[in-house]
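S.K.: got a predicted structure plus its sequence, pasted below:
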Amino acid sequence: MLEFDNVSKSFWTGRQRKVILDQASFRVELGNSMGILAPNGTGKTTLINMMCGLEKPDEGRIRADCRVSFPLGFMGGVVARLSGNENVRYIARIYGLDPDYAEAFCRWLCEIGEYFDQPVGTYSQGMRARLNFALLLSLEFDIYLIDEGMPLTTDANFNRKAGGVLFDRLKTSTVVVVSHQASTLEKFCRSAGVLRDGRLYMFETLDEAKQYYDYTA
Ligand SMILES: Nc1ncnc2c1ncn2[C@@H]1O[C@H](COP(=O)(O)OP(=O)(O)OP(=O)(O)O)[C@@H](O)[C@H]1O
């Protein structure tokens, strides 16, 4: 379970306070993947970052009694001067997981050949995205956090392979996806919320959330 209890968050922009979340309470139960719809620039990344502790709330409490992933696409923990392999082994150790397994899995999924042993700083954007996705999937989490769907890779073969692994993983884990479009959520979620002007409205079904999102657009 991942729980937000009366959580508020805002940023000072220099001229005014921008409210991202105003006293939001909700729960993500294991086995019930959830989506959040929000227009661009209104707080999707901030919300997902709060779920995994990358961002602190101003008020309220965030609690998790299970393993919550870093967000898909987050490269903050990857060191550019170390190789993909060194990064993967180091991060696996931080999570208390088997570095040999993580290395073998990522080497297989990434398909970036000898670059896996080269510094990440030399990677193309697509290679970085593939390493990030492979790393996330090599680690076993109870809740996977996805910001705006898949990473931006144009490699259809990789997307098919990684997508297959992700769907298999979702049979035994839970996902939280934030996106500005409902079609991204359709693949993963039954229930959804809508974030508008700092207020989070939760709905039992994605259809209800979609209707409210379109109605208030
Ligand atoms: N550290 C910060 N200081 C000030 N403002 C911030 C900070 N972080 C985010 N913001 C502002 O908060 C708002 C929400 O940002 P966030 O990145 O969470 O939105 P988003 O919905 O993910 O955006 P996008 O759809 O463009 O990716 C934006 O206006 C952003 O400029």
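M.R.: Structure received.
S.K.: what is the worst-scoring helix or strand of the chain on mean pLDDT packed up against?
M.R.: Least confident helix or strand, the chain: helix 156-170 with a mean of 82, by mean pLDDT, DSSP states H and E. Secondary-structure packing of helix 156-170 (3 or more C-beta pairs under 8 Å, 6 or more residues apart in numbering; DSSP states H and E): helix 99-110, helix 125-138, strand 143-147. From N, CA and C alone the C-beta is placed, and that goes for glycine too.
S.K.: tell me which strands the next helix or strand after that helix pairs with, and in which orientation.
M.R.: Using DSSP states H and E, the helix or strand that follows helix 156-170 towards the C-terminus is strand 174-179. Here strand 174-179 has these sheet partners by DSSP bridges: strand 34-37 (parallel), strand 143-147 (parallel).
S.K.: after strand 174-179, which helix or strand is next?
M.R.: Next along the chain after strand 174-179, with elements defined by DSSP H and E, is helix 182-186.
S.K.: ok, now which ones touch the closest residue in space to residue 59 that isn't next to it in sequence?
M.R.: Spatial nearest neighbour of residue 59, excluding adjacent residues (C-beta to C-beta, 6 or more residues apart in numbering): residue 8 at 4.3 Å. By C-beta atoms under 8 Å, 6 or more residues apart in numbering, the contact list for residue 8 reads 19, 21, 22, 23, 24, 57, 58, 59, 60.
S.K.: got the buried residues for stretch 162-171?
M.R.: Judged by neighbour count (16 or more other C-beta atoms under 10 Å), stretch 162-171 contains these buried residues: 162, 165, 166.
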